[in-house]
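Asks: sequence plus predicted model, see below.
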Amino acid sequence: MKAGLVGYAQSGKTTLFNALTGLHKGASGGRGQVNLGAIKVPDPRIDRLSGMFQPKKTTFTEMRFVDVPGPAGKGTGLDAESLRALAEVDAFCLVVRGFPGVDGSPSDPARELADFDAELVLHDLAIVEKRLDRMRKEHGKGSGEYHELERLHGQLDAGRPLRTMAWSDAEEKEMAHFAFLSRRPLLVAVNAAEADAAAPPPPAVEEAAHPLGAETLSLCASVEAEIADLDPAEQPEFLASLGLSEPARARFIRAAYHLLDLISYFTVGEDEVRAWTIRRGDKAPRAAGRIHSDLERGFIRAEVVHYDDFVALGSEAKARTEGKLRLEGKEYVVRDGDILNIRFSV
């Protein structure tokens, strides 16, 4: 999964990027300057399985971050370089300023959210209008694509993002090549003042985010950067002094997984214990394809046991005896925490 961090000047998005990734990058405000980073997604289930199998290698799933150059100011818009960077991510995290500006100006995070979402809508509207004009000239009004684009045009022309529309699987596939930006999931991170580090997002931001299909969280990027630089043993005391139970990194990962409807399944053995990320609702062949395309193409069956059952029983042999390890076919929908062993032939 790749998340793009974007925000207006002085929002603190690069500070948040550094806190999340543990890097120390300068602000990505220059043309074409995009910061990249990744973190391993912590999962106590992987720790437990690794302790049981003692594998040669333990692999956590990763979340990648892109610190995207944002608009220099309100009304300036996103440049072509930023739009290209945004087109390559799975979800957006808009960092909005929740503290007074250096000039004393009050924050207006709800307005920053509205302005950014409007940028995405206008970008997508231009794509739809260009395609519709071309199809009219080519006498393509009777096609399914034309009618679908007309439906999208009505949504965008009314100033509403595409993420708030219901799409069928067929529509998703047909429209995927357009790479619409307002279709991407959006997480709004309110960068609050240190005194509000443990406070929930302001009601005005939550009220603005809901009709846009966006989710919110609140944090203090400068505090989170301090936490990231601390020795792990020192973090709990510092967090407690601020009224926090955990770093923003953990909350951010949970929010991103929820936003994208992601789950994890596991493969285990003496060579490697590994977590794999898939979409909720994915069937076993698609999940197998995350490991290698050959496993999806030649999928036969999956041996499945859920993490909870495996840990409770202590071994594969016991899980099999108790009927908790079973064979599943191509229609099996993988659950969060499943341990899979794929049978395939190519």
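Replies: The structure has been received and is ready for your questions. Residues are numbered from 1 along each chain as shown.

Asks: ok, which stretches of this protein are strands?
Replies: 2-6, 35-40, 57-59, 62-67, 91-98, 186-192, 215-219, 262-267, 272-279, 299-306, 326-328, 338-344 (DSSP state E).

Asks: so can I have a markdown table of these showing distance to residue 153?
Replies: All C-beta atoms are positioned from the backbone trio N, CA, C, and that covers glycine. As requested, those are exported to a markdown table (distance: least, Cβ to Cβ, whole Å):
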| stretch | distance to residue 153 |
| --- | --- |
| strand 2-6 | 25 |
| strand 35-40 | 35 |
| strand 57-59 | 44 |
| strand 62-67 | 29 |
| strand 91-98 | 22 |
| strand 186-192 | 21 |
| strand 215-219 | 26 |
| strand 262-267 | 31 |
| strand 272-279 | 28 |
| strand 299-306 | 40 |
| strand 326-328 | 43 |
| strand 338-344 | 41 |
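
Asks: just those: most buried one?
Replies: For the strands of the chain, the largest average neighbour count (mean count of other Cβ atoms under 10 Å) is found in strand 186-192, namely a mean of 26.

Asks: can you list the strands that that strand pairs with?
Replies: strand 91-98 (parallel), strand 215-219 (parallel) (DSSP bridges).

Asks: now do the shortest one, average pLDDT.
Replies: Regarding strand 215-219, the rounded mean pLDDT is 94.

Asks: touching that strand from outside, list them.
Replies: Here strand 215-219 makes contact (Cβ atoms under 8 Å, 6 or more residues apart in numbering) with 16, 98, 185-192, 196-197, 199-202, 205-206, 209, 248, 251-252, 255, 258-259.

Asks: quick one: low-confidence parts of the protein?
Replies: 26-33, 70-77, 140-142 (pLDDT under 70).

Asks: tell me, what residue is most central in it?
Replies: residue 256 (4.1 Å; Cα atoms, centre = their mean).

Asks: got a list of what it touches?
Replies: Contacts of residue 256 (Cβ under 8 Å, 6+ apart): 1, 3, 63, 91, 93, 187, 262.

Asks: pull the most distant pair out of those.
Replies: For the contacts of residue 256, the maximum inter-member distance is 14.9 Å, found between 93 and 262 (Cβ to Cβ).

Asks: and residue 239, how many neighbours does it have?
Replies: A count of nearby residues for residue 239, using other Cβ atoms under 10 Å, gives 18.

Asks: measure it to residue 65 for me?
Replies: Separation of residue 239 from residue 65 (Cβ to Cβ, to the nearest Å): 22 Å.
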